[in-house]
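J.: pasting a predicted model and its sequence here:
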Amino acid sequence: MGKDVIVACDFKSAEETFAFLDRFCDRKPFVKIGMELFYAEGPAIVRAIKARGHKVFLDLKLHDIPHTVKQAMAVLSRLDVDIVNLHAAGTGAMMRAAIEGLTRDDGTRPLLIAVTQLTSTDQRAMEDDLMIHAPIDEVVMHYALTAKNAGLDGVVCSPREAGAVHACCGERFLTVTPGVRFSNGDVGDQRRVMTPMEARRIGSDYIVVGRPITAAPDPVAAYERCVREFVS
Ligand code: C5P
(Lines give C-alpha, C1' and ligand atoms only; values in the text may rest on other atoms or scores of the structure.)
Protein backbone atom coordinates (compact mmCIF):
# COMPACT_ATOMS: atom_id res chain seq x y z
CA MET A 1 0.00 0.00 0.00
CA GLY A 2 1.28 3.50 -0.76
CA LYS A 3 0.81 6.80 1.00
CA ASP A 4 -2.82 7.57 1.78
CA VAL A 5 -5.16 9.70 3.85
CA ILE A 6 -7.29 7.69 6.32
CA VAL A 7 -10.50 9.40 7.42
CA ALA A 8 -11.36 8.78 11.10
CA CYS A 9 -15.11 8.13 11.05
CA ASP A 10 -15.71 8.94 14.71
CA PHE A 11 -19.50 8.85 14.45
CA LYS A 12 -22.09 7.48 16.87
CA SER A 13 -24.09 5.41 14.41
CA ALA A 14 -24.14 3.70 11.04
CA GLU A 15 -26.72 6.22 9.88
CA GLU A 16 -24.42 9.19 10.57
CA THR A 17 -21.47 7.36 9.01
CA PHE A 18 -23.30 6.52 5.79
CA ALA A 19 -24.69 10.07 5.49
CA PHE A 20 -21.08 11.28 5.69
CA LEU A 21 -19.67 8.72 3.24
CA ASP A 22 -22.51 9.32 0.75
CA ARG A 23 -21.17 12.84 0.22
CA PHE A 24 -18.07 11.36 -1.42
CA CYS A 25 -20.08 9.76 -4.28
CA ASP A 26 -17.60 7.69 -6.30
CA ARG A 27 -14.54 8.60 -4.21
CA LYS A 28 -13.83 5.84 -1.70
CA PRO A 29 -11.63 7.21 1.08
CA PHE A 30 -9.71 4.83 3.35
CA VAL A 31 -11.83 4.75 6.53
CA LYS A 32 -10.83 4.32 10.17
CA ILE A 33 -13.45 2.70 12.41
CA GLY A 34 -12.74 3.23 16.10
CA MET A 35 -14.15 1.84 19.32
CA GLU A 36 -17.13 4.19 19.50
CA LEU A 37 -18.63 3.19 16.15
CA PHE A 38 -17.61 -0.47 16.40
CA TYR A 39 -19.11 -0.92 19.86
CA ALA A 40 -22.31 0.85 18.74
CA GLU A 41 -22.83 -1.07 15.53
CA GLY A 42 -20.74 -4.25 15.78
CA PRO A 43 -19.03 -6.16 12.96
CA ALA A 44 -21.91 -5.30 10.57
CA ILE A 45 -20.57 -1.76 10.20
CA VAL A 46 -17.21 -3.12 9.00
CA ARG A 47 -18.87 -5.43 6.47
CA ALA A 48 -21.11 -2.62 5.21
CA ILE A 49 -18.25 -0.15 4.71
CA LYS A 50 -16.12 -2.81 3.00
CA ALA A 51 -19.08 -3.70 0.74
CA ARG A 52 -19.22 -0.04 -0.34
CA GLY A 53 -15.65 -0.37 -1.60
CA HIS A 54 -13.64 1.36 1.16
CA LYS A 55 -10.44 0.11 2.73
CA VAL A 56 -10.83 -0.14 6.50
CA PHE A 57 -8.43 0.45 9.39
CA LEU A 58 -10.10 -1.10 12.44
CA ASP A 59 -8.68 0.81 15.41
CA LEU A 60 -9.58 -1.38 18.42
CA LYS A 61 -6.13 -1.39 20.10
CA LEU A 62 -6.19 -4.94 21.46
CA HIS A 63 -4.27 -5.73 24.67
CA ASP A 64 -4.80 -9.06 26.50
CA ILE A 65 -3.09 -12.40 27.04
CA PRO A 66 -1.59 -13.85 23.83
CA HIS A 67 -4.20 -16.61 23.42
CA THR A 68 -7.15 -14.21 23.69
CA VAL A 69 -5.59 -11.73 21.26
CA LYS A 70 -4.82 -14.53 18.79
CA GLN A 71 -8.43 -15.72 18.80
CA ALA A 72 -9.81 -12.16 18.54
CA MET A 73 -7.48 -11.35 15.64
CA ALA A 74 -8.69 -14.46 13.78
CA VAL A 75 -12.23 -13.05 13.99
CA LEU A 76 -11.11 -9.61 12.76
CA SER A 77 -9.18 -11.19 9.88
CA ARG A 78 -12.39 -12.84 8.66
CA LEU A 79 -13.95 -9.36 8.51
CA ASP A 80 -11.46 -8.62 5.73
CA VAL A 81 -10.17 -5.39 7.28
CA ASP A 82 -7.04 -3.85 5.75
CA ILE A 83 -5.28 -2.64 8.93
CA VAL A 84 -5.80 -3.59 12.61
CA ASN A 85 -3.85 -2.61 15.70
CA LEU A 86 -2.87 -3.53 19.24
CA HIS A 87 -0.86 -2.13 22.14
CA ALA A 88 2.86 -2.93 21.97
CA ALA A 89 2.73 -2.93 25.80
CA GLY A 90 1.11 -6.38 25.50
CA THR A 91 4.67 -7.71 24.79
CA GLY A 92 6.35 -9.46 21.89
CA ALA A 93 4.63 -12.76 22.76
CA MET A 94 1.21 -11.12 22.42
CA MET A 95 2.19 -9.50 19.12
CA ARG A 96 3.48 -12.78 17.66
CA ALA A 97 0.26 -14.52 18.72
CA ALA A 98 -1.72 -11.72 17.05
CA ILE A 99 0.05 -12.35 13.74
CA GLU A 100 -0.70 -16.08 13.99
CA GLY A 101 -4.36 -15.33 14.59
CA LEU A 102 -4.56 -12.85 11.73
CA THR A 103 -2.89 -15.05 9.12
CA ARG A 104 -5.45 -16.77 6.88
CA ASP A 105 -5.12 -20.28 5.47
CA ASP A 106 -3.82 -18.85 2.18
CA GLY A 107 -1.04 -16.97 4.02
CA THR A 108 -2.55 -13.47 3.55
CA ARG A 109 -3.40 -11.19 6.46
CA PRO A 110 -4.38 -7.58 7.20
CA LEU A 111 -1.55 -5.20 8.08
CA LEU A 112 -0.88 -5.16 11.83
CA ILE A 113 0.41 -2.03 13.55
CA ALA A 114 1.16 -1.23 17.19
CA VAL A 115 0.35 1.68 19.45
CA THR A 116 3.60 2.53 21.30
CA GLN A 117 2.77 5.08 23.99
CA LEU A 118 -0.53 6.87 23.45
CA THR A 119 -0.03 10.49 22.47
CA SER A 120 -2.18 11.36 25.49
CA THR A 121 0.49 9.85 27.78
CA ASP A 122 3.27 12.23 28.80
CA GLN A 123 6.55 11.65 30.63
CA ARG A 124 5.02 12.37 34.03
CA ALA A 125 2.06 10.00 33.62
CA MET A 126 4.40 7.31 32.35
CA GLU A 127 6.61 7.65 35.41
CA ASP A 128 3.88 8.17 38.04
CA ASP A 129 1.25 5.74 36.78
CA LEU A 130 3.23 3.14 34.82
CA MET A 131 6.55 3.26 36.72
CA ILE A 132 8.47 3.60 33.44
CA HIS A 133 11.40 5.92 34.02
CA ALA A 134 13.17 6.09 30.64
CA PRO A 135 12.68 9.17 28.43
CA ILE A 136 9.39 8.83 26.52
CA ASP A 137 11.10 9.12 23.10
CA GLU A 138 13.32 6.16 23.98
CA VAL A 139 10.31 4.18 25.21
CA VAL A 140 8.46 4.84 21.94
CA MET A 141 11.47 3.70 19.87
CA HIS A 142 11.98 0.61 22.05
CA TYR A 143 8.31 -0.39 21.68
CA ALA A 144 8.52 0.22 17.91
CA LEU A 145 11.57 -2.03 17.66
CA THR A 146 9.87 -4.74 19.76
CA ALA A 147 6.91 -4.55 17.38
CA LYS A 148 9.20 -4.82 14.37
CA ASN A 149 11.04 -7.80 15.83
CA ALA A 150 7.71 -9.51 16.50
CA GLY A 151 6.94 -9.20 12.77
CA LEU A 152 4.51 -6.27 12.81
CA ASP A 153 4.18 -3.93 9.85
CA GLY A 154 4.41 -0.58 11.62
CA VAL A 155 3.24 1.69 14.41
CA VAL A 156 0.72 4.41 15.14
CA CYS A 157 2.72 7.43 16.26
CA SER A 158 2.84 11.19 16.31
CA PRO A 159 3.95 12.60 12.94
CA ARG A 160 6.85 14.15 14.90
CA GLU A 161 8.11 10.63 15.69
CA ALA A 162 7.75 9.25 12.14
CA GLY A 163 11.29 10.18 11.03
CA ALA A 164 12.91 8.68 14.13
CA VAL A 165 10.81 5.49 13.83
CA HIS A 166 11.95 5.05 10.23
CA ALA A 167 15.57 5.68 11.24
CA CYS A 168 15.27 3.08 14.00
CA CYS A 169 13.11 0.43 12.29
CA GLY A 170 13.73 1.00 8.56
CA GLU A 171 11.94 2.92 5.81
CA ARG A 172 9.57 0.05 5.05
CA PHE A 173 8.22 -0.06 8.61
CA LEU A 174 4.93 1.86 8.39
CA THR A 175 4.18 5.02 10.34
CA VAL A 176 0.47 5.79 10.67
CA THR A 177 0.08 9.25 12.15
CA PRO A 178 -2.91 11.05 13.68
CA GLY A 179 -2.62 14.60 15.03
CA VAL A 180 -2.87 16.30 11.63
CA ARG A 181 -4.28 19.80 11.15
CA PHE A 182 -4.42 22.27 8.25
CA SER A 183 -2.12 25.27 8.65
CA ASN A 184 -5.12 27.55 9.24
CA GLY A 185 -7.15 24.95 11.18
CA ASP A 186 -8.44 24.49 14.71
CA VAL A 187 -6.12 22.35 16.83
CA GLY A 188 -8.88 21.15 19.21
CA ASP A 189 -7.66 18.66 21.85
CA GLN A 190 -4.63 17.47 19.85
CA ARG A 191 -1.37 18.79 21.28
CA ARG A 192 1.52 18.09 18.93
CA VAL A 193 0.11 18.62 15.46
CA MET A 194 1.52 18.81 11.94
CA THR A 195 0.04 19.80 8.59
CA PRO A 196 -0.43 17.12 5.90
CA MET A 197 2.48 18.66 3.98
CA GLU A 198 4.80 18.53 7.01
CA ALA A 199 3.73 14.93 7.73
CA ARG A 200 4.63 14.05 4.15
CA ARG A 201 8.00 15.77 4.41
CA ILE A 202 8.88 13.92 7.61
CA GLY A 203 7.96 10.57 6.05
CA SER A 204 4.55 9.49 7.43
CA ASP A 205 3.12 6.64 5.37
CA TYR A 206 -0.52 7.24 6.29
CA ILE A 207 -2.12 10.23 8.00
CA VAL A 208 -5.28 9.69 10.07
CA VAL A 209 -7.50 12.75 9.87
CA GLY A 210 -10.79 13.13 11.74
CA ARG A 211 -12.35 16.47 12.59
CA PRO A 212 -10.49 18.60 10.01
CA ILE A 213 -12.51 16.55 7.47
CA THR A 214 -15.61 15.33 9.34
CA ALA A 215 -16.40 18.74 10.88
CA ALA A 216 -15.49 20.82 7.80
CA PRO A 217 -18.26 22.78 6.07
CA ASP A 218 -17.31 20.86 2.90
CA PRO A 219 -15.81 17.50 3.99
CA VAL A 220 -15.10 16.36 0.43
CA ALA A 221 -13.12 19.53 -0.32
CA ALA A 222 -11.22 19.12 2.99
CA TYR A 223 -10.43 15.50 2.10
CA GLU A 224 -9.24 16.52 -1.39
CA ARG A 225 -7.02 19.18 0.18
CA CYS A 226 -5.45 16.55 2.49
CA VAL A 227 -4.81 14.24 -0.46
CA ARG A 228 -3.33 17.10 -2.48
CA GLU A 229 -1.00 18.16 0.33
CA PHE A 230 -0.03 14.67 1.52
CA VAL A 231 -0.10 12.33 -1.46
CA SER A 232 0.37 14.23 -4.70
O1 C5P B 1 -10.29 14.43 14.89
P2 C5P B 1 -8.84 14.05 14.89
O3 C5P B 1 -8.14 14.37 13.58
O4 C5P B 1 -8.09 14.58 16.09
O5 C5P B 1 -8.88 12.45 15.00
C6 C5P B 1 -7.73 11.67 15.14
C7 C5P B 1 -8.12 10.22 15.24
O8 C5P B 1 -6.96 9.46 15.53
C9 C5P B 1 -9.12 9.90 16.34
O10 C5P B 1 -9.93 8.81 15.89
C11 C5P B 1 -8.24 9.47 17.50
O12 C5P B 1 -8.89 8.56 18.36
C13 C5P B 1 -7.10 8.77 16.77
N14 C5P B 1 -5.83 8.72 17.50
C15 C5P B 1 -5.16 9.86 17.97
N16 C5P B 1 -3.98 9.71 18.64
C17 C5P B 1 -3.46 8.50 18.87
C18 C5P B 1 -4.13 7.35 18.41
C19 C5P B 1 -5.33 7.51 17.72
O20 C5P B 1 -5.61 10.96 17.74
N21 C5P B 1 -2.30 8.39 19.50
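T.: All right, it came through fine. Numbers count the residues shown, from 1 in each chain.

J.: relative to the longest strand anywhere in the chain, what are the paired strands and their orientations?
T.: In the chain, with assignment by DSSP state E, the single longest strand is strand 56-62. Applying DSSP bridges, strand 56-62 is found paired with strand 30-34 (parallel), strand 83-87 (parallel).

J.: mind checking which of the ones you listed is nearest the ligand?
T.: strand 30-34 (4.9 Å; CB to the nearest ligand atom). From N, CA and C alone the C-beta is placed, and that goes for glycine too.

J.: measure how far that closest one is from the centre of its chain, please.
T.: With CA atoms, centre = their mean, to the nearest Å as the basis, strand 30-34 stands 8 Å off its chain's centre.

J.: please name the nearest non-neighbouring residue to the residue in the chain that the ligand sits nearest to.
T.: Nearest to the ligand, among the residues of the chain, is G210, at 2.5 Å (CB to the nearest ligand atom). What sits nearest to G210 in space, not counting adjacent residues and going by CB to CB, 6 or more residues apart in numbering, is A8, at 3.4 Å.

J.: enumerate the residues of the chain near the ligand.
T.: Contact residues (CB under 6 Å from any ligand atom) of the chain with the ligand: 8, 10, 34, 118-119, 156, 178-179, 190, 208-212.

J.: need the max-distance pair from those residues.
T.: Distance extremes for the residues of the chain next to the ligand: the farthest pair is L118 and P212 at 20.2 Å, using CB to CB.

J.: neighbour count for those two, which is higher?
T.: Taking other CB atoms under 10 Å, L118 and P212 do not tie; P212 has more neighbours (25 against 13).

J.: please identify the helix or strand for the more buried one.
T.: Element membership for P212, per DSSP states H and E: helix 211-214.

J.: so which elements touch that helix?
T.: Applying 3 or more CB pairs under 8 Å, 6 or more residues apart in numbering; DSSP states H and E, we find helix 211-214 packed against strand 4-8, helix 219-230.

J.: ranges for the helices of the chain?
T.: In the chain, the helices defined using DSSP state H lie at 14-22, 35-41, 43-51, 66-78, 91-102, 123-130, 136-149, 159-169, 196-202, 211-214, 219-230.

J.: quick one on the thing from earlier: go through the helices and strands packed on helix 211-214 and name the closest to K148.
T.: strand 4-8 (21.0 Å).

J.: count of neighbours near L37?
T.: 25.

J.: touching, it and F20? I think so.
T.: No: counting by CB atoms under 8 Å, L37 does not reach F20; the two are 11.0 Å apart.

J.: can you check which residues contact both of those two?
T.: Counting by CB atoms under 8 Å, 6 or more residues apart in numbering, the contacts common to L37 and F20 are 9, 11.

J.: let me see the contact set for the residue nearest to I132 when sequence neighbours are not counted.
T.: Excluding the flanking residues, the one nearest I132 by CB to CB, 6+ apart is M126, at 4.8 Å. Going by CB under 8 Å, 6+ apart, M126 touches 117, 132, 136, 139.

J.: which of these has the most neighbours?
T.: Result: Q117 is most packed of the contacts of M126 (other CB under 10 Å), 23 neighbours.

J.: thinking again about what came up before, same list (the strands paired with strand 56-62) but as TSV, adding mean neighbour count and mean pLDDT.
T.: Formatted as TSV, these follow (neighbours: other CB atoms under 10 Å; pLDDT from 0 to 100):
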stretch	mean neighbour count	mean pLDDT
strand 30-34	21	98
strand 83-87	23	98
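
J.: quick one: those as TSV, columns for distance to S232 too.
T.: What follows is the strands paired with strand 56-62, written out as TSV (distance: least, CB to CB, whole Å):
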stretch	distance to S232
strand 30-34	15
strand 83-87	22
